[in-house]
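Enquirer: sequence first, then the predicted structure, then my questions.
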Amino acid sequence: MRDAATAALFLAPALILIVVLRLVPVVQAVGDATHSSLPGSTLPPTWVGFDNFTALWHSHAFWTSVQQTLLFNVIVNPLQILAALVLAVLLTRNLPASGLWRTIIFLPAAVPMTGSAVVWGIALRPDGPVNAVLGGVGIGHQPFLTSPHQVVASLILIASWIGVGYWMIFLIAGINDIPKVYYEAAEIDGAGPLRRFWSITLPQLRRPLLFVLVADTVSNFVLFAPMQILTNGGPEQKSDFLMYDIFHNSFDLADPHTAAAELLVLLLLMIVIVAVQFRLLGKAED
């Protein structure tokens, strides 16, 4: 009983924060999503049941946001993880100044997303430094953030600028935990670098990789700052992801009830995808 009381005492702050910062907002979102009110009205919201969800089901703008969110995540998640894995493998080899390179690659993760978005917004302007470099090598100026064909790729670049270095650190830690004796035995058997990677590094790294996959998925589903600062969901709704659309409905259109319904859909979508990933994680553990 004394051990249980001690454990409860140490766990209490974390459990209280989880309830206050996670469970209570979800309960409030459920309440808001099942009510409706007129913007600016002083009357209490009225119960509408699932009407807000029905309206979302018939909303073309909502389905466009879902489509753009899924498209963005299908591209950005594998790209970030692959780049982080390649860098982690390279920087765990005996390369000159590998510690310095780790620090340089990780540095963008120490900058808030808003700061990175502002910097990249300046860099990708029509008269910005990136277009100046492209013009210097004979490539015409590109409408990175104002073109419906380039805006998603530009946002992937901005998100990866921070994400790749951050996830690389987890994978470096996972690689460093692999017993060196495996590599020594493989070298004695004549296995080359590629064979050692496929037969030792990748199988032993499955759990850290799947953890990074889950965390990266959640992080990119709730990505918001670049769209709010740089694109406002445009052009042609190509960057109108669910998280931005929730903000737009809640604050621009003064419709927190529709925004709450969208938030619950986003939460459900993330839970389903993460549940599939955790199932893979369980298989990797067996």
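Expert: Received it, and whenever you're ready, just let me know what you need. Numbers count the residues shown, from 1 in each chain.

Enquirer: which stretches of the chain have low pLDDT?
Expert: Confidence mapping of the chain against pLDDT under 70 gives the ranges 281-286.

Enquirer: strands along that one, start to end?
Expert: 35-36, 46-47 (DSSP state E).

Enquirer: residue 66 is nearest to which of the ones you listed?
Expert: Closest approach to residue 66 among the strands of the chain is made by strand 35-36 (21.6 Å; CB to CB). Every C-beta, even on glycine, is put in place using the N, C-alpha and C of the backbone.

Enquirer: and that closest one, what does it pack against?
Expert: strand 46-47 (3 or more CB pairs under 8 Å, 6 or more residues apart in numbering; DSSP states H and E).

Enquirer: how about residues contacting the strand it packs on?
Expert: Contacts to strand 46-47, defined as CB atoms under 8 Å, 6 or more residues apart in numbering, come from residues 34-37.

Enquirer: quick one: strands adjacent to that strand?
Expert: strand 35-36 (antiparallel) (DSSP bridges).

Enquirer: so how far is the partner strand from its chain's centroid?
Expert: 30 Å (CA atoms, centre = their mean, to the nearest Å).

Enquirer: got the contact list for that strand?
Expert: By CB under 8 Å, 6+ apart, strand 35-36 touches 45-48, 51-52, 257.

Enquirer: just the buried ones from these?
Expert: 48, 52, 257 (16 or more other CB atoms under 10 Å).

Enquirer: kindly indicate which of those lies nearest residue 279.
Expert: Looking across these and measuring by CB to CB, the closest to residue 279 is residue 52, at 30.9 Å.

Enquirer: and residue 265, how far from residue 53?
Expert: Using CB to CB, to the nearest Å, residue 265 is found at 8 Å from residue 53.

Enquirer: which one of these two has more residues nearby?
Expert: residue 265 (19 against 16; other CB atoms under 10 Å).

Enquirer: number of residues surrounding the nearest residue to the more buried one once chain neighbours are set aside?
Expert: Closest residue to residue 265 apart from its sequence neighbours, by CB to CB, 6 or more residues apart in numbering: residue 56 at 6.8 Å. Residue 56 has 21 neighbouring residues, counting by other CB under 10 Å.
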